[in-house]
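Asks: Requesting a structural model of the entry that follows:
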Amino acid sequence: MQSPEAIHSAVCEILRIGALRARAAAWSGDAASSAVEVDHIHNLPDLLRDYSEARLEYYWNCERPAFLAQVGAENAREFQQPWDVLAKLVPEPADVD
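Replies: The predicted structure follows:
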């Protein structure tokens, strides 16, 4: 299933920002930071290619927080706009009784 347009646009922006940040870190000789950036975005093409709400939820609830834990919120401000878009579109977790 193809991703909805708003999700597609936000994820493409996250990929663009992440690639630029990884490139800048690599050119600065900071391989560790470059790896953190790429680790953050490496599954996003699969989210676009084979969209599912489960993949979106996994990015939002697992990969994004793991990235934030590594870089800190202050160092991730560039992602805020596309994250704000996704925040409105991530499905609410199902209630388990």
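Asks: wait, what's in contact with D46?
Replies: R55 (Cβ atoms under 8 Å, 6 or more residues apart in numbering). Placement of C-beta: from N, CA and C, glycine included.
Asks: gap between the helix or strand hosting it and the chain center?
Replies: Using DSSP states H and E, D46 falls within helix 44-49. The chain centre lies 11 Å from the centre of helix 44-49; the measure is Cα atoms, centre = their mean, to the nearest Å.
Asks: if you average pLDDT over whatever helix or strand comes next after that helix, what comes out?
Replies: Once the chain leaves helix 44-49, the next helix or strand it forms, by DSSP H and E, is helix 53-58. Across helix 53-58, the average pLDDT comes to 94.
Asks: Stretch 69-79 too?
Replies: Mean predicted lDDT for stretch 69-79 stands at 97.
Asks: Under the pLDDT cut-off, which ranges of this protein? List them.
Replies: Along the chain, segments meeting pLDDT under 70 span 93-97.
Asks: For it, which segments count as helices?
Replies: 5-27, 31-41, 44-49, 53-58, 64-71, 80-87 (DSSP state H).
Asks: count of neighbours near Y59?
Replies: The tally of other residues near Y59 (other Cβ atoms under 10 Å) stands at 22.
Asks: same deal with G29?
Replies: G29: 8 neighbours (other Cβ under 10 Å).
Asks: Check A31 too.
Replies: Going by other Cβ under 10 Å, the residues that sit close to A31 add up to 10.
Asks: any idea how far it is from N43?
Replies: 20 Å (Cβ to Cβ, to the nearest Å).
Asks: try F67
Replies: As judged by Cβ to Cβ, F67 and N43 stand 11 Å apart.
Asks: quick one: which of the two has more around it?
Replies: Remark: of F67 and N43, F67 carries more neighbours, 20 against 13, as counted by other Cβ under 10 Å.
Asks: Quick one: residues contacting that one.
Replies: V36, D39, H40, A76.
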